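Asks: The amino acid sequence is not available; the structure is as follows:
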């Protein structure tokens, strides 16, 4: 388990403060290398950890998607020719739909911008 995501998990669960003293790979590591307020078993924490990782990666994807949408906002202004607006609409819709197909930046295949 990565310390960053362990921290996100504790924060998400409201179990702060916490101290991580080493690698966490097993239930024994969890018991010996982490101090925190509250009670949670390793299996439950592992499930919550995986949710935190997935949520973070999806947030990264949404951030990049939103940046790309913002960069193409100009194409939808009323003073832009209708042919340009129409040409960019499928690209922008594909960006909006990207999280239905992909869950992380590492896997995404971005749609092509129109010329």
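Replies: In hand now; what should we look at? Note that the structure is predicted; figures quoted are calculated from it, not measured.
Asks: show me the contacts for residue 77.
Replies: Residue 77 makes contact with no residue, according to CB atoms under 8 Å, 6 or more residues apart in numbering. Just so you know, the C-beta spots here come from the backbone N, C-alpha and C atoms, and that holds for glycine as well.
Asks: and it, backbone torsions?
Replies: Main-chain dihedrals, residue 77, degrees, to the nearest 10: phi -70, psi 150.
Asks: Next: residue 78.
Replies: The phi and psi torsions at residue 78 (degrees, to the nearest 10) take the values phi -60, psi -20.
Asks: That one and residue 9, how far apart?
Replies: Distance, residue 78 to residue 9, by CB to CB, to the nearest Å: 46 Å.
Asks: Between these two, which has more neighbouring residues?
Replies: Per other CB atoms under 10 Å, whichever of residue 78 and residue 9 has more neighbours is residue 9, with 24 against 6.
Asks: Does residue 62 touch residue 99 like I think?
Replies: Yes: at 6.4 Å, residue 62 counts as touching residue 99 under the criterion of CB atoms under 8 Å.
Asks: Counting residues, name the longest helix you see in this structure.
Replies: Across the chain, the helix with the greatest residue count (assigned by DSSP state H) is helix 42-71.
Asks: Could you list every helix and strand in contact with it?
Replies: Other helices and strands packing on helix 42-71, by 3 or more CB pairs under 8 Å, 6 or more residues apart in numbering; DSSP states H and E, are helix 3-13, helix 27-33, helix 82-96, helix 98-101.
Asks: who wins for proximity to residue 48 among those?
Replies: Relative to residue 48, the nearest member of the helices and strands packed on helix 42-71 by CB to CB is helix 3-13, separated by 5.2 Å.
Asks: between the closest one and helix 42-71, how many degrees?
Replies: 100 degrees (axes from the mean of the first three to the mean of the last three CA atoms, to 10 degrees).
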